[in-house]
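Engineer: my questions are about this predicted structure, shown below with the sequence.
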Amino acid sequence: MPEQHRPHTKMQSKNSNTNTTTARARGKSLSALIVCFGVAVFANSEAAFAAVENTATATATFEGNPVVSNPDTASVPVDAGTPALVVDKTANDTTDVVAGQVVTYTYVVRNAGAQTLTNVSLNDSHNGAGPAPVPGNETLTNDAGLANDSTDAAANDGVWTILAPGDAITMTATYTVMQADLDTLQ
């Protein structure tokens, strides 16, 4: 009488990454421990990084011998996004000013893109008779992502060293109103 083949499969989850399967074929027991895993490393400063690669390999044992599958890889494209900055400038006094009055400007610069930016600085131009305000005194005012992912190598030099996506810095500058401003701009 020929041998009867009665396939039998039992699934038992041990954790989210491991499944145990027992199958019976041709009267022999086949036990397999299937472990699938992948590692993805994201680095938004690497412009050449175009996809998340995830590779899985299955392993099993048959009659005491290891059985290993060929690895299989799935690629998921990564959209690096566009770098973008947003600046919001305000003055502490927007009423009629007089000669000798100091106007303080506050600038909030936010990284509105998906890329980490370096050496963020401001240039302020105006139509006043005196020298243009020079933004400086930079401080981190919004740390939206990972803690301490935006850093400044040199304090108060008018340049913020590393500004991560979603983070914002504040700078200030002053301008002293001159009599020539009042004479020519009114």
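Structural biologist: Received it, and whenever you're ready, just let me know what you need. A quick note: this is a predicted structure, and the numbers were derived from the prediction, not measured. Residues are numbered from 1 along each chain as shown.
Engineer: ok, residues contacting stretch 73-91?
Structural biologist: 42, 44, 47, 49-56, 103-115, 117, 120, 122, 124, 165 (C-beta atoms under 8 Å, 6 or more residues apart in numbering). Bear in mind the C-beta positions are built from the backbone N, C-alpha and C, glycine included.
Engineer: from these, which land in strands?
Structural biologist: 51-56, 103-111, 117, 120 (DSSP state E).
Engineer: list buried residues within these.
Structural biologist: Neighbour-count burial (16 or more other C-beta atoms under 10 Å) applied to those gives V103, Y105, Y107, V109, R110, N111, L117, V120.
Engineer: which of the residues you listed lies closest to I169?
Structural biologist: V109 (5.3 Å; C-beta to C-beta).
Engineer: residue contacts, that closest one?
Structural biologist: Residues in contact with V109 (C-beta under 8 Å, 6+ apart) are L85, V86, V87, V120, L122, W160, L163, A168, I169, T170, M171.
Engineer: got a markdown table for the residues you listed, with secondary structure, distance to G130 and pLDDT too?
Structural biologist: Below are the contacts of V109 laid out as a markdown table (DSSP: H, G, I helix; E, B strand; the rest coil; distance: C-beta to C-beta, whole Å; pLDDT from 0 to 100):
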| residue | secondary structure | distance to G130 | pLDDT |
| --- | --- | --- | --- |
| L85 | strand | 27 | 94 |
| V86 | strand | 28 | 94 |
| V87 | strand | 22 | 94 |
| V120 | strand | 26 | 95 |
| L122 | coil | 18 | 91 |
| W160 | strand | 26 | 94 |
| L163 | strand | 30 | 94 |
| A168 | strand | 29 | 95 |
| I169 | strand | 26 | 95 |
| T170 | strand | 23 | 95 |
| M171 | strand | 19 | 95 |
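Engineer: PyMOL command to pick out the buried ones of the residues you listed?
Structural biologist: The buried residues among these can be selected in PyMOL (16+ other C-beta under 10 Å) with this line:
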select buried, resi 120+122+160+163+168+169+170+171
